[in-house]
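Asks: Sequence first, predicted coordinates after that:
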Amino acid sequence: MAKIITMPRLSDTMTEGVVAKWLKKVGDKINEGDILAEIETDKATMEFESFNSGTLLHIGLQEGETAPVDSLLAIIGQKVKILLHYLIWETI
């Protein structure tokens, strides 16, 4: 199941954050405790740690983008491959 990761509130006065740098890229395996990104707050730049394990499936904010607290930051989940099978019907 995919987990939506939102912009964290890293201080009491933080209302928005800037993704200073992504330390992981889409497709990377993520373990709980891995540092995903560096987030700039109104007071400092802080490392943002993952509380989930899986594969980084989506990055919602690019480096340098600003977003309010609780905005979509990333999605972590299981990488799934979908195989399509086609049946060919022949008439006789």
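Replies: Good, I have the coordinates. Numbers count the residues shown, from 1 in each chain.
Asks: residues near the closest residue to Met14 other than its chain neighbours, how many?
Replies: Nearest residue to Met14 in three dimensions, chain neighbours excluded: Thr41, at 4.8 Å (CB to CB, 6 or more residues apart in numbering). Bear in mind the C-beta positions are built from the backbone N, C-alpha and C, glycine included. Residues near Thr41, counting by other CB atoms under 10 Å, number 19.
Asks: what pLDDT does Thr41 get?
Replies: You'll see Thr41 listed with a pLDDT of 90.
Asks: From Ser71, how far out is it?
Replies: Look at Thr41 and Ser71: by CB to CB, to the nearest Å, they are 14 Å apart.
Asks: Over to Ile4?
Replies: 10 Å.
Asks: check contacts around Lys43.
Replies: By CB atoms under 8 Å, 6 or more residues apart in numbering, the contact set of Lys43 is Ser11, Thr13, Met14.
Asks: Ramachandran coordinates for the first one?
Replies: Main-chain torsions, Ser11, degrees, to the nearest 10: phi -150, psi 160.
Asks: repeat for the last one
Replies: In terms of degrees, to the nearest 10, the main-chain angles of Met14 are phi -70, psi 130.
Asks: Count the neighbours of it for me.
Replies: When neighbours are counted by other CB under 10 Å, Met14 comes out with 17.
Asks: In contact with it, which residues?
Replies: Counting by CB under 8 Å, 6+ apart, Met14 has contacts Thr41, Asp42, Lys43, Val69.
Asks: any chance of the residues you listed in TSV, plus secondary structure and distance to Glu63?
Replies: Formatted as TSV, the contacts of Met14 follow (DSSP: H, G, I helix; E, B strand; the rest coil; distance: CB to CB, whole Å):
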residue	secondary structure	distance to Glu63
Thr41	coil	16
Asp42	coil	18
Lys43	coil	20
Val69	coil	18
